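[1] sequence plus predicted model, see below.
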Amino acid sequence: MATIKDVAAEAGLSVGTVSRILNNRGYISPKAREKVEAAMRKLKYQPNEIARSLSQSNSSMVGIIIPTLLNPYFPTLVKYLDDELEARGMQPLLFVSDGNEDKEIGFLDQCKKNRVSGIILCSGNFKAARLVDYAVPVASIERAGLDGAISIVCDNYDGGRLAAEHLLERGGTDFVMIAGDQDEAMPADGRVSGFTESLSLHGREAAVYHASKEMFHAQDYYALLSHVFDENPAMDSLFCSSDIIAAEAIREAARRAIPVPERLRIIGFDDTWLASMLRPALTTIRQPVREMAIMAISSLEAAWKAGSFPSSVIKLGVSLVVREST
């Protein structure tokens, strides 16, 4: 395994210079930095961030806690977060909770032990945790507003409104929505109110079904969709709160020989890579995932510089992406 001495020898620099570059201390010429980065790539050298943190108040890591890797939304989000951290010379410390609240609290403690410079929460609502006790800035993405956190959310209500108006424009008369777990308040609840209230303005109603927490963590909605199709044989307009649910709905429609979009129009939410891969390709509400990742890291950076971590909510717009399923 390569050491800092090996990197210094490969770059033709002193160990002290390499150490200053890795720790961003003092003036470093661009040429010297390029030599060290090239040497690190060649030797596949990875700095020991945790060891480095022992000599600093914080490491150059940011803790990221997500609920699952099965839904393509979360790996995409992590990719954009990693891009932003790398651009700032930082690294992610990634945890996957699988919806286990005890694990989530344990992950927060691990972040504290590793002296992370910030935490990004994409899982759970952490109401039991006093985030201010961690003495680092915290950002949440598409999670309920938390005391002591910067909350980055998309305009879920407008997403529901856009879905309703599009289905109305397509001549829909029998509306159904499949939403997420309703046991805990989440920003995504706005998708339901935006959808149903927009329909109500046009004298229409929607039957709303909620997936369970277990379905979300298994990313398996077959039983629920089978029930929805059985109960709503005249359904011609279906709005799903995620692309994964919509993908399974397209599959269930095919199993029942229901043509999409001729007899049933389906809209998803997120605009993950899956949406354009489906056949028919999925009409969906685009959540600005990359922009949300950039905003989360930028907000943490602003908090680092200010030395204060106030609670706030930042809302970003959504858009309708029309494809074959409507």
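    Cool, the structure landed.
[2] show me how far stretch 248-266 is from its chain's centre.
    Relative to its chain's centre, stretch 248-266 lies at 28 Å (Cα atoms, centre = their mean, to the nearest Å).
[3] measure that stretch end to end?
    In terms of Cα to Cα, to the nearest Å, the two terminal residues of stretch 248-266 are separated by 11 Å.
[4] from Asp155, how far off is the closest residue to Val322 other than its chain neighbours?
    Nearest residue to Val322, sequence neighbours excluded (Cβ to Cβ, 6 or more residues apart in numbering): Thr283, at 5.2 Å. Every C-beta, even on glycine, is put in place using the N, C-alpha and C of the backbone. Between Thr283 and Asp155 the distance is 18 Å, computed by Cβ to Cβ, to the nearest Å.
[5] who has more neighbours, those two?
    Thr283 (25 against 21; other Cβ atoms under 10 Å).
[6] and Asp147, how close does it get to Pro259?
    Counting by Cβ to Cβ, the gap from Asp147 to Pro259 is 49 Å.
[7] sorry, slip of the keys, the one I care about is Phe175.
    18 Å.
[8] between the two, point out the one with more neighbours.
    When neighbours are counted by other Cβ under 10 Å, Phe175 and Pro259 differ, and Phe175 comes out ahead with 24 against 10.
[9] so the more buried one is in contact with Leu167, correct?
    Yes. With contact defined as Cβ atoms under 8 Å, Phe175 reaches Leu167; the gap is 6.6 Å.
[10] who touches both of these two?
    Taking Cβ atoms under 8 Å, 6 or more residues apart in numbering as the contact rule, the neighbours common to Phe175 and Leu167 are 237, 239.
[11] kindly report the domain assignment for this structure.
    Under the assignment automatic domain parsing, the domains of the chain span 4-47, 61-154+289-318, 156-286.
[12] so can I have TSV of those showing distance to Glu324 and mean pLDDT?
    Formatted as TSV, the domains of the chain follow (distance: least, Cβ to Cβ, whole Å; pLDDT from 0 to 100):
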stretch	distance to Glu324	mean pLDDT
domain 4-47	43	80
domain 61-154+289-318	19	85
domain 156-286	3	96
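[13] okay if I get those domains as TSV plus distance to Thr326?
    Compiled in TSV, the domains of the chain are given as follows (distance: least, Cβ to Cβ, whole Å):
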stretch	distance to Thr326
domain 4-47	46
domain 61-154+289-318	16
domain 156-286	4
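[14] which stretch among those domains comes nearest Ser325?
    Nearest of the domains of the chain to Ser325, taken as Cβ to Cβ: domain 156-286 at 4.6 Å.
[15] now do the closest one: distance to the chain's middle.
    With Cα atoms, centre = their mean, you get 20 Å for domain 156-286.
[16] try stretch 90-107
    Worked out by Cα atoms, centre = their mean, stretch 90-107 lies 14 Å from the chain centre.
[17] quick one: contacts of that stretch?
    By Cβ under 8 Å, 6+ apart, stretch 90-107 touches 49, 60-69, 78, 81-82, 85, 110-111, 114, 116-117, 123-124, 126, 128-129, 213, 216-217.
[18] CA atoms only: put it into PDB for me.
    Output of stretch 90-107 as PDB, limited to C-alpha atoms (Å, rounded to 0.1, in the frame of the first residue of the first chain):
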ATOM      1  CA  MET A  90     -13.700  16.600   0.100                       C
ATOM      2  CA  GLN A  91     -15.100  13.100   0.400                       C
ATOM      3  CA  PRO A  92     -18.400  11.400   1.200                       C
ATOM      4  CA  LEU A  93     -18.800   9.100   4.200                       C
ATOM      5  CA  LEU A  94     -21.900   7.100   3.000                       C
ATOM      6  CA  PHE A  95     -24.400   5.200   5.200                       C
ATOM      7  CA  VAL A  96     -27.500   3.200   4.100                       C
ATOM      8  CA  SER A  97     -30.100   2.900   6.800                       C
ATOM      9  CA  ASP A  98     -32.700   0.600   5.200                       C
ATOM     10  CA  GLY A  99     -35.200   2.500   7.300                       C
ATOM     11  CA  ASN A 100     -33.800   1.400  10.600                       C
ATOM     12  CA  GLU A 101     -34.100   4.300  13.000                       C
ATOM     13  CA  ASP A 102     -31.600   2.900  15.500                       C
ATOM     14  CA  LYS A 103     -29.100   2.500  12.600                       C
ATOM     15  CA  GLU A 104     -29.800   6.100  11.600                       C
ATOM     16  CA  ILE A 105     -29.000   7.500  15.000                       C
ATOM     17  CA  GLY A 106     -25.900   5.300  15.200                       C
ATOM     18  CA  PHE A 107     -24.800   6.700  11.900                       C
END
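[19] and that stretch, which residues are buried?
    Within stretch 90-107, the residues scored as buried using 16 or more other Cβ atoms under 10 Å are 90-97, 99, 103-104, 107.
[20] tell me which element Ile65 is part of?
    Following DSSP states H and E, one finds Ile65 within strand 61-66.
[21] partners of that strand in the sheet?
    strand 91-96 (parallel), strand 118-121 (parallel) (DSSP bridges).
[22] just checking, what packs against the very next helix or strand once past it?
    Downstream of strand 61-66, the first helix or strand assigned by DSSP H and E is helix 73-87. Counting contacts by 3 or more Cβ pairs under 8 Å, 6 or more residues apart in numbering; DSSP states H and E, helix 73-87 packs against strand 61-66, strand 91-96, helix 289-306.
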